[in-house]
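>>> Below: sequence and its predicted model.
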Amino acid sequence: MPRVSKGKETSMEESINYINMATEENNNSSNNSIIVNENVPQKIITIPTENNENVGGITDEYSEYIKLPVSGYEAHVRGLKIKEEDMLRSNSSTPKNMYDALHEVLFKCTRFITNEDSQYASPFKNVDDLKRKMCMADRDALVWALISQTYGNEHNVWVTCPNCGKGFEAEFNISNSMTVTPYTGAEPYLDKVKILEIPELKWKLYLKLPRLVDEERSLKQNENNRKLANASVYSFVDKLEVMMDAVLDNGMKTKNNIAVYNTPVEIYSVICEKPVKYKDKIFNYYFKEFPYYGTDVNLEAKCPSCDNELKQNMSACPHMFRMVERLY
């Protein structure tokens with residue numbers, strides 16, 4: 001029997017959905033349907049290490065095979081244990097606590113496939129290492145596998161028709177409605193850094209793909225001060241260098257003084273004073289240089305009241321939290 005996650009699909013939004021945004025063109029190109037449990041490798045090699053829970057052979061418990069879309073890491077995922085679901089439910093006071101608990105549980109529920117040359121049996125030594133090295137798209141792919149293993153593929157959710165405004169319950173199947181857009185380049189995508197220069201502002205921006213630790217910092221900032229929510233949007237800017245005019249003792253100006261801003265709050269304090277056209281320039285350049293790669297699960301339904309057909313992209317983490325809080 002399908003699980004029912006009660007409450008409207010729009011009742012909870014991720015604090016920083018900017019990170020995995022895709023342009024309409026990228027969304028439309030995601031037509032390569034991949035089921036997560038295909039092509040299970042025949043041989044699994046692991047290297048046990050001390051103080052690493054993320055080790056051990058693959059058993060029937062860890063039966064969900066997945067290849068992460070950005071890093072290309074391969075892994076097996078098991079479902080939640082009761083105590084792990086309780087841990088997620090008991091840490092729902094703030095978004096930061098929820099994501100911290102989710103990452104802890106996700107690390108425990110995942111076994112990465114490695115080879116004999118690996119220093120560790122996992123590419124991540126511990127959960128903090130995972131947050132430093134993993135992007136949101138790879139995390140979300142693991143979360144969908146975790147949901148599938150824990151609660152099955154068939155799900156019911158409450159949606160609101162944008163045409164008539166009436167709500168209704170709709171069904172979707174994770175595997176059947178999933179498309180994956182994998183990164184296939186030679187250069188590791190997480191190591192990619194692009195530089196955008198804006199000469200008229202004397203700016204040099206270093207752009208990157210944000211990781212879980214960037215998300216964590218943003219959630220913490222938002223928790224401390226809601227006014228900083230807009231600052232978190234700029235976590236993909238690793239640093240901003242601004243050439244400053246310095247006045248010498250003789251009254252002459254020189255341009256060899258560079259101010260460097262490293263945190264989203266610092267970066268936003270500089271960016272927010274400029275015209276919107278510069279924000280557009282930054283985001284357009286970013287999405288061009290960092291196209292979307294990831295896992296999409298789409299719900300397609302017809303409104304029973306007005307026959308309007310709608311397609312809604314499901315967000316992995318909010319859906320996971322809804323399932324944890326579900327009512328039977």
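Yep, it's here. In this text, all values refer to a predicted model and were calculated from it rather than measured experimentally.
>>> so where do the strands sit in the stretch 101-250 of the chain?
For the stretch 101-250 of the chain, applying DSSP state E, counting those that start in this stretch gives strands covering 110-112, 154-160, 167-173, 178-181, 194-198, 203-207, 237-247.
>>> okay, these in CSV with distance to S92 and mean pLDDT next?
In this view, the C-beta of every residue, glycine as well, is placed from N, C-alpha and C. Shown next, in CSV, are these (distance: least, Cβ to Cβ, whole Å; pLDDT from 0 to 100):
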stretch, distance to S92, mean pLDDT
strand 110-112, 22, 91
strand 154-160, 18, 92
strand 167-173, 23, 93
strand 178-181, 26, 95
strand 194-198, 37, 97
strand 203-207, 33, 97
strand 237-247, 30, 86
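>>> hey, which of those strands is tucked in deepest?
When you average the neighbours per residue for each of the strands of the stretch 101-250 of the chain (mean count of other Cβ atoms under 10 Å), strand 110-112 leads with a mean of 22.
>>> What mean pLDDT does stretch 214-224 get?
Model confidence over stretch 214-224, given as mean pLDDT, is 78.
>>> Now do the buried residues in that stretch.
Buried residues in stretch 214-224, counted by 16 or more other Cβ atoms under 10 Å: 214-219, 221-222.
>>> And the residues you listed, which is closest to N173?
E215 (28.1 Å; Cβ to Cβ).
>>> my guess is that closest one meets Y99, correct?
Yes. Using Cβ atoms under 8 Å, E215 is in contact with Y99, at 6.9 Å.
>>> Longest helix of this protein, counting residues only.
helix 136-151 (DSSP state H).
>>> shaky segments in the stretch 201-328 of the chain?
Scanning the stretch 201-328 of the chain for pLDDT under 70 picks out 222-227, 247-256, 327-328.
>>> Tell me which stretches of it form helices.
Ranges of helices in the stretch 201-328 of the chain, per DSSP state H, counting those that start in this stretch, are 212-224, 264-271, 276-289, 316-324.
>>> try the stretch 1-150 of the chain
Counting by DSSP H, counting those that start in this stretch, the helices of the stretch 1-150 of the chain are 24-28, 82-90, 95-108, 127-133, 136-151.
>>> number of nearby residues for E200?
Using other Cβ atoms under 10 Å, E200 is surrounded by 6 other residues.
>>> what's the most buried one of the helices of the stretch 201-328 of the chain?
Counting by mean count of other Cβ under 10 Å, the most buried of the helices of the stretch 201-328 of the chain turns out to be helix 316-324, with a mean of 22.
>>> and S305, what does it touch?
161, 164, 166, 168 (Cβ atoms under 8 Å, 6 or more residues apart in numbering).
>>> Kindly recompute the last result at 6 Å.
164, 166 (Cβ atoms under 6 Å, 6 or more residues apart in numbering).
>>> R139 versus that one, what's the distance?
Distance from S305 to R139, counting by Cβ to Cβ, to the nearest Å: 36 Å.
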